[in-house]
Structures are given as structure tokens and as C-alpha cells.
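Colleague: Return atomic coordinates for the entry below.
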Amino acid sequence: MKSPRRINSSRANGARSRGPITPEGKQRSSANALRHGLLAKCLVMENESIECFDELVTEHEERFAPADGVELAMVEVMVAAKWRMRRAWAIENHLMEKAIRNQPPGDEAARSAAARSHLAASPELNLLHRYQARLQRIYQGALDNLLLLRKLDLPNQPNPISE
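Modeller: From the prediction side, this is the model:
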């Protein structure tokens, strides 16, 4: 959560900025917030928002503030799982809307109940729920490992046995 002071300061600085002028400068500045883009390239589909993905990455990095590459890798696993969970929720929503549209006109509660019954019997929804459960376990496992690593406070020193 950004402070009002930081927001106002950013707005004031942005108002003074003229931004890049040349096409090369515009191209270069379009990747300013991108660290390496590997996650975005393999996780974000063409019909999804890279800006929303980048915001999710930023939120996790700000919240967990990874201290090194190992912690960053755990945060990346969490972000990937959360992004895929959001995708699964969108797919589930789409399936439900489609099932409701396919119901005969009438009472909306009855249409919704019939659509849910129809979907519950379908393999698509069951498969989607298995994916969601798996993604939740991946997210929780990475979070647990990150917290355990911090609790153990292992030194980031070379192993004397391997030297």
C-alpha cells in the first residue's frame, strides 16, 4: 500500500516529465519496470494483461522483500501459482456463465442451480478444481518454504565441506 505522500510526489514528478521523444526512447522506456521478463513471457497469455501480471509481481516483491535469489525464486513460484489461479477462476466464471445461458428462461435462481448441477457433472469443472487445488498447494508450499527459510536464518556462506 503506497502512502498518500508517495502518491502525490509521484504525480507531481510525472506532471513535470515530458517523457521520451524518439521511437527508440519510447521503446526503451516501455520496458523500464521489467527486470528480466522471463515470467511474463512464459505465464502471461496474449489475451491477458501484462500490466496486471507486473502489478502482481510488484505486490509480492514489496510484501515479501526477497533477500536473495533463493527467496526471489520462492516468490516467483508464488506469483506463477497465483496468476494461474486467477486464470482458473476466470475460466470457471466463463463456464458458469455459459451454463446459465444454456438454461431455459425462468427464475434466475433455478437457472443458476441447474447450471451448477450440470457443471458439477461435467469433467471440465472437476478438472479445473483439481488444477486449482494443485496451484493452491504450490503457492502455500512456496510460502511455507520462504517463511521456514527466514525462521531458520541460515547463513549465506559457502559450505566449508565442499571447498
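Colleague: how about Ile21, phi and psi?
Modeller: phi -110, psi -50 (degrees, to the nearest 10).
Colleague: Might you report the residue contacts of it?
Modeller: With contact set as CB atoms under 8 Å, 6 or more residues apart in numbering, Ile21 has no partners. (Each C-beta comes from the backbone N, C-alpha and C, glycine too.)
Colleague: so how far is Arg11 from it?
Modeller: Distance, Ile21 to Arg11, using CB to CB, to the nearest Å: 22 Å.
Colleague: Which other helices and strands does the helix or strand where Glu124 lies contact?
Modeller: Assigned by DSSP states H and E, Glu124 belongs to helix 123-152. Packed against helix 123-152 by the contact rule (3 or more CB pairs under 8 Å, 6 or more residues apart in numbering; DSSP states H and E) you find helix 69-101.
Colleague: could you point out which element follows the helix it packs on?
Modeller: helix 108-120.
Colleague: Pull the residues that contact that following helix.
Modeller: Contacts of helix 108-120 (CB under 8 Å, 6+ apart): Leu95, Met96, Ala99, Ile100, Asn102, Gln103, Pro104, Pro105, Leu125.
Colleague: Assign a three-state SS to Pro20, would you?
Modeller: Three-state call for Pro20 (DSSP: H, G, I helix; E, B strand; the rest coil): coil.
Colleague: what's the pLDDT at it?
Modeller: Pro20 is assigned 71 on the pLDDT scale.
Colleague: Run a quick neighbour tally on it.
Modeller: Look at Pro20: counted by other CB atoms under 10 Å, it has 14 neighbours.
Colleague: Tell me the spacing between it and Leu72.
Modeller: Counting by CB to CB, the gap from Pro20 to Leu72 is 29 Å.
Colleague: ok so, going back, out of the contacts of helix 108-120, give me the one that has the most neighbours.
Modeller: Ala99 (21 neighbours).
Colleague: That one: what's it in contact with?
Modeller: Contacts of Ala99 (CB under 8 Å, 6+ apart): Ala115, Arg116, His118, Leu119.
Colleague: Could you dump the residues you listed into TSV and include distance to Asp144 and pLDDT?
Modeller: Below are those laid out as TSV (distance: CB to CB, whole Å; pLDDT from 0 to 100):
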residue	distance to Asp144	pLDDT
Ala115	36	88
Arg116	33	88
His118	37	87
Leu119	32	86
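Colleague: between those, which is nearest Trp89?
Modeller: Leu119 (14.2 Å; CB to CB).
Colleague: Sweet, I'm off.
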